[in-house]
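Chemist: next input, structure requested:
(one chain, ligands or ions: 1)
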Amino acid sequence: MDNCLFCKLAAKELPAGVVYETEAVLAFLDIRPVHPGHVLVIPKQHSNDLSEAGKDELAPLIEACHSIGNALLKLGAEGYNVITNVKPAAGQIVFHTHFHVIPRYKGDGLAHWPQAPYSEGEDKLWQNKIRRVLQ
Ligand SMILES: [Zn+2]
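Modeler: Residues are numbered from 1 along each chain as shown. Predicted coordinates:
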């Protein structure tokens, strides 16, 4: 895509702190990291977000996340998050599929999203709704 920042990075038209690259995947440092070592993993092929990415692109992406996350553990991270935001409602800002691999540390002050239990029967309702759509 002509005006896509991440396509320009994948095409090497703009500089990036590349840490990993295969034929299908590029991974580079986020320029505004949650913690140092925060990496973005992208398919070189453009798709707007994970919901539109080709299924054949998914395995190389998650393999890259696995390798990079495990490298972060070897460098002293105590854990890592792998996150992708799909659509603006989920916080997506750059509209080219990407995963964040974020190193984490005990007591680093980042909290999980607030959670609450299902109301009576609501869990079964959601279980059935999702299963029906996946059939
Ligand atoms: Zn793109």
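Chemist: for the rest of this, base every contact and every neighbour count on C-alpha atoms.
Modeler: Fine.
Chemist: tell me the phi and psi of residue 51?
Modeler: The phi/psi pair for residue 51 (degrees, to the nearest 10) reads phi -60, psi -20.
Chemist: how about the residue nearest to it when sequence neighbours are not counted, phi and psi?
Modeler: Excluding its sequence neighbours, the residue lying closest to residue 51 (CA to CA, 6 or more residues apart in numbering) is residue 86, at 7.0 Å. As for residue 86, its main-chain torsions (degrees, to the nearest 10) stand at phi -120, psi 110.
Chemist: which residues touch residue 86?
Modeler: Neighbour list for residue 86: 49-51, 92 [criterion: CA atoms under 8 Å, 6 or more residues apart in numbering].
Chemist: from the residues you listed, pick the one nearest the ion.
Modeler: residue 49 (9.4 Å; CA to the ion).
Chemist: so can I have a markdown table of the contacts of residue 86 showing pLDDT, distance to the ion and secondary structure?
Modeler: Shown next, in a markdown table, are those (pLDDT from 0 to 100; distance: CA to the ion, whole Å; DSSP: H, G, I helix; E, B strand; the rest coil):
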| residue | pLDDT | distance to the ion | secondary structure |
| --- | --- | --- | --- |
| 49 | 98 | 9 | coil |
| 50 | 97 | 12 | helix |
| 51 | 97 | 14 | helix |
| 92 | 97 | 13 | coil |
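Chemist: dump those residues to TSV, plus neighbour count and distance to residue 133.
Modeler: Below are these laid out as TSV (neighbours: other CA atoms under 10 Å; distance: CA to CA, whole Å):
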residue	neighbour count	distance to residue 133
49	18	20
50	19	17
51	11	14
92	16	24
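Chemist: next, give me the two most distant ones among those.
Modeler: 51 and 92 (12.2 Å; CA to CA).
Chemist: any idea how far the residue lying closest to residue 25 once chain neighbours are set aside lies from the ion?
Modeler: Counting by CA to CA, 6+ apart, residue 25 lies nearest to residue 43, which is 4.6 Å off, once chain neighbours are set aside. Distance check for residue 43 against the ion: by CA to the ion, to the nearest Å, it reads 9 Å.
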